[in-house]
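*Asks:* build the 3D model from these lines:
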Amino acid sequence: MVRSLKELIEESEIVKAKDPEKKFTTSSISWEIYEALLGKLEDNSHYRITYLDGVLEIVSPSFRHEKLKKRLGALIESYLDEEGVKYTPMGSNTLKNRLKKAGA
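*Replies:* Here you go, the predicted structure:
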């Protein structure tokens, strides 16, 4: 098990990984287009889609990314358990909350 962030980042197996992330970013995307894209890709768990203020980002995470994510999550969960902090572990979920701006 990983005991520190330094150990997590410096692990030679992870540093040497040749598994690049693929990323696509575009702007001026409407909320409706974002929701339509989510609908088309809902059965495909490989892509991570984020949207904020008209900017859409689609990422195909690398093996290295996923491995770091899991290890960092385990490190944080261990810390929270040790400190007695209540938490709810969550996987990849989509938060759809369209914020209304003042005056709109």
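*Asks:* would you map the helices across this protein?
*Replies:* Taking DSSP state H as the test, the helices found in the chain are 5-10, 12-15, 31-40, 63-83.
*Asks:* may I see the ones you listed arranged in CSV, with mean pLDDT as well?
*Replies:* Below are those laid out as CSV (pLDDT from 0 to 100):
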stretch, mean pLDDT
helix 5-10, 57
helix 12-15, 52
helix 31-40, 87
helix 63-83, 87
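*Asks:* out of these, which is closest to V55?
*Replies:* Closest to V55 of the helices of the chain is helix 31-40 (C-beta to C-beta; 10.0 Å). C-beta: built from backbone N, CA, C; applies to glycine.
*Asks:* now that closest one: buried residues?
*Replies:* If you call a residue buried by 16 or more other C-beta atoms under 10 Å, then helix 31-40 has these buried ones: Y34, L37.
*Asks:* try stretch 56-74
*Replies:* Within stretch 56-74, the residues that count as buried by 16+ other C-beta under 10 Å are L56, I58, V59, P61, R64, H65, K67, L68, R71.
*Asks:* with only the CA atoms kept, save it in CSV.
*Replies:* What follows is stretch 56-74 as a C-alpha-only set of coordinates in CSV (Å, rounded to 0.1, in the frame of the first residue of the first chain):
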residue,chain,number,x,y,z
LEU,A,56,-16.4,21.2,-22.9
GLU,A,57,-13.5,18.8,-22.2
ILE,A,58,-13.5,15.2,-23.2
VAL,A,59,-10.6,13.0,-21.7
SER,A,60,-9.7,9.5,-22.4
PRO,A,61,-7.7,8.7,-19.2
SER,A,62,-4.5,6.8,-19.5
PHE,A,63,-3.7,3.7,-17.4
ARG,A,64,-1.3,5.9,-15.4
HIS,A,65,-4.1,8.4,-14.6
GLU,A,66,-6.4,5.6,-13.4
LYS,A,67,-3.7,4.0,-11.3
LEU,A,68,-2.7,7.3,-9.7
LYS,A,69,-6.4,8.1,-9.1
LYS,A,70,-7.0,4.9,-7.3
ARG,A,71,-3.9,5.1,-5.2
LEU,A,72,-4.5,8.8,-4.2
GLY,A,73,-8.1,7.8,-3.3
ALA,A,74,-6.8,5.0,-1.1
